[in-house]
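Engineer: need coordinates for the below:
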Amino acid sequence: MTSQTNIAPPDLAPLLGDPHPLLAQMGGAGELPSPALAMVGVQLQRVRSLPALRSFLEAYQAELLIPVELPAILRAHTHTVRHEVRELIALDQQLAREPRLKEFAAASCRVGQRQISRLRALRDHRLVQRYLAAVERGDAHGWHTVVYGLSLGVFSLPLRQGLVGYARHTLGGFIESAAGPLALTADQTRELHESAGAGVPEAVQALLQPVGKNILSLVTAAARRG
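Structural biologist: Numbering: from 1, shown residues only. Here you go, the predicted structure:
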């Protein structure tokens, strides 16, 4: 059985919350916290108006954040709490075959590999060590979403809050990157943050609903056996 450790790398503290999200702690100021942010230097250069930025944010949520990134984080968390290292590595390899992520693979894996290496101190956590070894051998890529979900599980951080925080702060990264070039006012920037993140809790709830049903089924089945 894997023993729990009290060691927490500085990059994972403080705990998740709006002022200090785990996502923001996954790398230094010069790193990209999400492969989606790799689009800032390319696609955001083509965003030349406030309506275009709104369309960009909507497209990102619909095409990448909700269908790909959030489910990857959830699955990585699930495999971590179940100590399923083979399944975790399989998820990592599956993401490498996802066409929508190819453009952002280098940015994602650079951040993820750096973060998983910082968990090397968790020597008594077998899943972390085996996943880290797979990354170092080249059998896994170290996607930042996988490492993010793994970190939520390893440090018993709240899953719902982690998913919502990831989404909102990634969206916020886009907005802040575009605010200067588009000369957005403080009111426009604030409204964008509010509108872009408005649908995030509902999307996360829909993602977690099947998980809740599965847990309820297991509890009910156990009660009947008892």
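
Engineer: could you use CA atoms for every contact and neighbour count after this?
Structural biologist: Will do.

Engineer: go through the helix or strand containing residue 51 and flag the buried ones.
Structural biologist: Element membership of residue 51 [criterion: DSSP states H and E] is helix 50-60. Using 16 or more other CA atoms under 10 Å as the burial criterion, the residues of helix 50-60 that qualify are 50, 53, 56-57, 60.

Engineer: between those residues, which sits nearest residue 76?
Structural biologist: residue 60 (21.2 Å; CA to CA).

Engineer: could you measure from that closest one over to residue 171?
Structural biologist: 9 Å (CA to CA, to the nearest Å).

Engineer: which residues are common contacts for these two?
Structural biologist: When CA atoms under 8 Å, 6 or more residues apart in numbering defines a contact, no residue borders residue 60 and residue 171 alike.

Engineer: which residue is nearest the centroid of this protein?
Structural biologist: residue 145 (4.1 Å; CA atoms, centre = their mean).

Engineer: isn't that one right up against residue 72?
Structural biologist: Yes: assessed by CA atoms under 8 Å, residue 145 is found in contact with residue 72 at 6.2 Å.

Engineer: poorly predicted segments of this protein, please.
Structural biologist: Scanning the chain for pLDDT under 70 picks out the ranges 1-45, 211-226.

Engineer: can you map out the strands along it?
Structural biologist: For the chain, no strands are identified by DSSP state E.

Engineer: all helices of it, in order?
Structural biologist: Counting by DSSP state H, the chain has helices at residues 50-60, 70-81, 85-96, 105-118, 126-137, 144-154, 159-179, 186-196, 200-225.
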